[in-house]
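Chemist: Pasting a predicted model and its sequence here:
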Amino acid sequence: MTTPLIEVRNVSKHFGSVIALEGVSMQVYAGEVHCLLGDNGAGKSTLIKTLSGVHKPTRGEILLDGRPVVFESPRDALDRGIATVYQDLALIPLMSITRNFFMGREHVVTKGRGLFRRLDVKKANAIAREEMARIGIDVRDPSQAVGTLSGGERQCVAIARAVYFGARVLILDEPTSALGVKQASVVLRYIAQARARELGVIFITHNVHHAWAVGDRFTVLNRGRTLGTFRKEEITREQLLEMMAGGRELEELSAELAEFARADAARAQREAAVEAEVAAELQQELEETRHFAEEERALHRQRRQSQVPE
Ligand SMILES: Nc1ncnc2c1ncn2[C@@H]1O[C@H](COP(=O)(O)OP(=O)(O)OP(=O)(O)O)[C@@H](O)[C@H]1O
Ligand SMILES: [Mg+2]
């Protein structure tokens, strides 16, 4: 068995008398998309905030690469490769894509010395443009304000930034909830790309379609407790939805399930179409990535055998 990138063991978090989490355990491996699901107030955000250094658990522990860790702050967690993209993003709409991309990391690409040391805008622009292009978003002018991008593209800027600066665990809190179908698919594709790069992705969403399109495993929270972690082969979408709704009235739930099955047929169909499209594209991308990796390895072997210097 490989060691999980990150793991929570028996974590509880209490806010005074409010029990936000109780005895939750979960493992996230490199190269998986782990969906964290649950109704409003289930404890999803609290769980990822304890993973990203915002909260300290009341009980239980966090393990990074199999070793217990205590994160002193979000910065501390980030420095150890755990990057969180919140729904409200912490991007500044009036600032350029590049400025946002390098925010807090301006020291990485600088020119000049001493007092004249400053962000090398030209270089930074090139990197920002290249990183966005890698995920299929063509930014003609990286000096344009982030506010001019679509919601999906903005999410992608935030994610691209995290990946570029070496995140190993990528935590996404409802990245697709405010987006239309097409924009959501942009983000979903990017999530799958992060997986192909061997990141461990924790993807929080209310949308079972979105979870299903990219998820490998699913952990469902209900009123602060976990209902378990399931591999995609072990469960159906309907069962997931049922678990997510867990605490609610049965009637309400069956109404929702009926709606889910019946209509808004149009919307469900559209979403299903996107889901299928994304799934097919992802499959192809995955194969291409594998193929590419194999070719690289073969090339490497060849080089080594023929002793040609690289
Ligand atoms: N700082 C806090 N102080 C007190 N109670 C809190 C705090 N943060 C969260 N809670 C409570 O903990 C519970 C879990 O909240 P949390 O935000 O983790 O839910 P969630 O699953 O992310 O919900 P949503 O889907 O609505 O975002 C809620 O009852 C919430 O009111
Ligand atoms: Mg939340």
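Modeler: That came in fine, so what should we check first? Numbering: from 1, shown residues only. Ligands and ions are numbered 1, 2, ... in the order given.
Chemist: how far does the strand or helix carrying residue 305 sit from the chain's center?
Modeler: Under the criterion of DSSP states H and E, residue 305 resides in helix 265-306. Relative to its parent chain, helix 265-306 has a centroid offset of 18 Å by C-alpha atoms, centre = their mean, to the nearest Å.
Chemist: packing partners for that helix?
Modeler: When contacts are defined as 3 or more C-beta pairs under 8 Å, 6 or more residues apart in numbering; DSSP states H and E, helix 265-306 packs onto helix 181-196, helix 208-214. In short, each C-beta sits where N, CA and C put it, glycine included.
Chemist: And the residue positioned nearest the centre of the chain, how far from residue 183?
Modeler: Nearest to the geometric centre of the chain sits residue 172, at 3.9 Å (C-alpha atoms, centre = their mean). According to C-beta to C-beta, to the nearest Å, residue 172 and residue 183 sit 14 Å apart.
Chemist: packing partners for the stretch of helix or strand residue 227 belongs to?
Modeler: Applying DSSP H and E as the criterion places residue 227 in strand 225-231. On a contact count with 3+ C-beta pairs under 8 Å, 6+ apart, strand 225-231 meets strand 18-28, strand 217-222.
Chemist: Please work out which of those is packed deepest.
Modeler: Neighbour counts (mean count of other C-beta atoms under 10 Å) averaged over each of the helices and strands packed on strand 225-231 peak at strand 217-222, with a mean of 23.
Chemist: Return the alpha-carbon coordinates of it using CSV.
Modeler: What follows is strand 217-222 as a C-alpha-only set of coordinates in CSV (Å, rounded to 0.1, in the frame of the first residue of the first chain):
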residue,chain,number,x,y,z
ARG,A,217,-13.5,8.4,-4.5
PHE,A,218,-16.2,10.0,-2.5
THR,A,219,-16.4,10.8,1.2
VAL,A,220,-19.8,11.9,2.4
LEU,A,221,-20.2,14.0,5.6
ASN,A,222,-23.5,14.2,7.5
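Chemist: can you state the direction angle for that strand and strand 18-28?
Modeler: Orientation check (axes from the mean of the first three to the mean of the last three C-alpha atoms, to 10 degrees): strand 217-222 against strand 18-28 gives 170 degrees.
Chemist: who does strand 217-222 touch, helix- and strand-wise?
Modeler: On a contact count with 3+ C-beta pairs under 8 Å, 6+ apart, strand 217-222 meets strand 18-28, strand 32-38, strand 225-231, helix 237-244.
Chemist: what's that strand in contact with?
Modeler: 21, 24, 26, 32-39, 42-44, 47, 211, 226-232, 235, 240, 243-244, 246-247 (C-beta atoms under 8 Å, 6 or more residues apart in numbering).
Chemist: how close does the nearest residue to residue 38 once chain neighbours are set aside get to ligand 1?
Modeler: Among residues not flanking residue 38 along the chain, residue 221 sits closest, at 3.7 Å (C-beta to C-beta, 6 or more residues apart in numbering). Distance, residue 221 to ligand 1, using C-beta to the nearest ligand atom, to the nearest Å: 6 Å.
Chemist: quick one: pLDDT of the residue lying closest to residue 110 once chain neighbours are set aside?
Modeler: In space, and not counting its chain neighbours, residue 110 is closest to residue 117: 5.1 Å by C-beta to C-beta, 6+ apart. In this model, residue 117 is scored at 78, pLDDT.
Chemist: from now on call the first residue 26
Modeler: Right, with 26 as the first residue, what we last looked at is residue 142.
Chemist: What's the local residue count around residue 142?
Modeler: 12 (other C-beta atoms under 10 Å).
Chemist: Let me see the ranges of the helices in the stretch 76-225 of the chain.
Modeler: In the stretch 76-225 of the chain, the helices defined using DSSP state H, counting those that start in this stretch lie at 99-104, 122-126, 146-159, 176-189, 206-221.
Chemist: okay, those in a markdown table with mean pLDDT next?
Modeler: Converted to a markdown table, the helices of the stretch 76-225 of the chain look like this (pLDDT from 0 to 100):
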| stretch | mean pLDDT |
| --- | --- |
| helix 99-104 | 88 |
| helix 122-126 | 87 |
| helix 146-159 | 85 |
| helix 176-189 | 82 |
| helix 206-221 | 82 |
